[in-house]
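Visitor: Give me coordinates for this.
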Amino acid sequence: MEISLSKRLAAIAEFVSKGDVIADVGTDHGYLPAWLIQNGICSAAIASDIRERPLHSAVQSADAAGVADRIDFRLCAGLEAYEKDDASCIVIAGMGAETIIGILSAAPWTKGKKLILQPQTKHNLLRFWLSDNGYGISDARLVYDTGRIYIVYHVSGNHKSDCGIVSRHLIERRDTLLVPFIDEEIKKLMNKLSGLEKSKSHNAEDINEIKAQIMELKSIKLEAQSWQQ
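Guide: This next block holds a predicted model:
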């Protein structure tokens, strides 16, 4: 069976270098490691999941693709069953920012490793945590899949912090999805602002901070729109 990837997984795969041994944490159906091996990008991989059922699905996918003998399957939470030198590239995708932060916090040896991270929620929380804890964000990109925009972070080596309201990498690469991505961020902030303003115990400083963030996002959006004209 020839494995095909969703647009989200394909965007993650683009950050994997030929010759990498990847560890796919929370592998689910195991499509990513199977595809990478099938297409000659990786010669070996590790696929792990906290639950038996998705890990079993990953084994079935690898069997069908004819690559099961080159994937090491592990039942574990996060990186609990990993050693520092098991893989050259660690993928943690499809989880909330807090979960990803918890996995990395429990495995400090990941600092300085090549990581590909795709948070489902609170992407800025993850980005700020990475910068605050010595992880170098070297790139980021957006991808549209099944009605939603996802962000993928490439973490490797030592890079200057990336703590603006929008990842500087998205601006530097003039990501074509930046405008709709910013629109989503503005919508989230507007909803948060509305909730605060209705609250009897709202804090004026918090409200002013959100308003400032919205203004900054609108300014970046105008810049991004000019690239696409």
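Visitor: give the contact list for the spatially most central residue of the chain.
Guide: For the chain, the residue whose C-alpha lies nearest the mean C-alpha position (Cα atoms, centre = their mean) is residue 118; its distance is 1.4 Å. The contact partners of residue 118, taken as Cβ atoms under 8 Å, 6 or more residues apart in numbering, are 8, 11-12, 92-94, 150-153. Using the backbone N, CA and C atoms, a C-beta is placed for each residue, glycine as well.
Visitor: Just put those in a markdown table and tack on distance to residue 175 and secondary structure.
Guide: Converted to a markdown table, these look like this (distance: Cβ to Cβ, whole Å; DSSP: H, G, I helix; E, B strand; the rest coil):
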| residue | distance to residue 175 | secondary structure |
| --- | --- | --- |
| 8 | 15 | helix |
| 11 | 11 | helix |
| 12 | 16 | helix |
| 92 | 21 | strand |
| 93 | 18 | strand |
| 94 | 20 | strand |
| 150 | 12 | strand |
| 151 | 9 | strand |
| 152 | 11 | strand |
| 153 | 13 | strand |
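Visitor: Quick check: the farthest pair among those?
Guide: Taking Cβ to Cβ as the measure, the contacts of residue 118 span a maximum distance of 14.4 Å, between 11 and 92.
Visitor: Please identify which of these two sits among more neighbours.
Guide: Counted by other Cβ atoms under 10 Å, residue 11 and residue 92 do not tie: residue 92 has more neighbours, with 25 against 21.
Visitor: give me the beta-bridge partners of the residue nearest to the centre of the chain?
Guide: Residues in a beta bridge with residue 118, per DSSP bridges, are residue 93.
Visitor: any idea how far residue 127 is from it?
Guide: Counting by Cβ to Cβ, to the nearest Å, the gap from residue 118 to residue 127 is 12 Å.
Visitor: Check residue 82 too.
Guide: Residue 82 is 23 Å from residue 127, by Cβ to Cβ.
Visitor: between the two, which one's more packed in?
Guide: residue 127 (26 against 19).
Visitor: hmm, back to that, any residues in contact with both of residue 118 and residue 127?
Guide: Counting by Cβ under 8 Å, 6+ apart, the residues touching both residue 118 and residue 127 are residue 153.
Visitor: Not counting residues beside it along the chain, what's closest to residue 173?
Guide: residue 141 (6.8 Å; Cβ to Cβ, 6 or more residues apart in numbering).
Visitor: what about that neighbour, which helix or strand?
Guide: Element membership for residue 141 (DSSP states H and E) is strand 137-145.
Visitor: Spell out which strands sit alongside that strand in the sheet and which way each one runs.
Guide: strand 148-155 (antiparallel).
Visitor: Which helix or strand lies directly C-terminal to the strand it pairs with?
Guide: helix 168-172.
Visitor: Please list all residues in contact with the residue nearest to residue 173.
Guide: 11, 14, 151-152, 154, 169-170, 173, 175.
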